[in-house]
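Novice: have a look at this fold, sequence not included:
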């Protein structure tokens with residue numbers, strides 16, 4: 001069986017990693033990925049894909065990326081479910097990243113407030 005997905009898109013908000021009880025870093029981000037065709041109004045729609053990163057990939061993404069950063073993610077699709085506080089079953093589909101690349105170029109001037117970054121490949 002094959003379960004592999006590759007996405008290139010922009011982060012929808014500034015990433016904020018957190019630590020698990022065991023001390024592992026985990027980061028949930030949403031990546032906006034443009035579709036390859038236009039809708040009836042001539043606009044390009046986007047899909048918003050939930051992605052989960054672990055350990056060094058989570059730490060480096062938090063350090064080097066911000067809202068709007070372009071990233072490439074390769075990983076696998078995973079589904080899970082849980083019961084919320086109201087007793088309703090919630091189903092979640094997400095991409096668990098196995099590789100992330102930062103695709104934004106370095107800032108061209110000192111006026112650019114973005115942190116310096118270059119394409120980085122982070123295998124697990």
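Specialist: Looks like it came in fine. What you see is a predicted model; the values in this text were computed from it and never measured.
Novice: all helices for this structure, in order.
Specialist: 55-64 (DSSP state H).
Novice: and the nearest residue to residue 13 once chain neighbours are set aside, what does it touch?
Specialist: Leaving aside its sequence neighbours, residue 13 sits nearest to residue 67 (CB to CB, 6 or more residues apart in numbering; 5.1 Å). Every residue, glycine included, has its C-beta placed from N, CA and C. By CB atoms under 8 Å, 6 or more residues apart in numbering, the residues touching residue 67 are 11, 12, 13, 14.
Novice: and the gap between residue 67 and residue 29?
Specialist: 10 Å (CB to CB, to the nearest Å).
Novice: could you pull out the residues contacting both of these two?
Specialist: Common neighbours of residue 67 and residue 29 (CB under 8 Å, 6+ apart) are 11, 12, 13.
Novice: for the residues you listed, which one is nearest residue 61?
Specialist: Residue 61 has its nearest neighbour among those in residue 11, at 8.3 Å by CB to CB.
Novice: which pLDDT value goes with residue 104?
Specialist: Reading off the confidence values, residue 104 has pLDDT 88.
Novice: so it sits against residue 72, correct?
Specialist: No: the criterion here is CB atoms under 8 Å, and residue 104 misses it with residue 72 at 10.8 Å.
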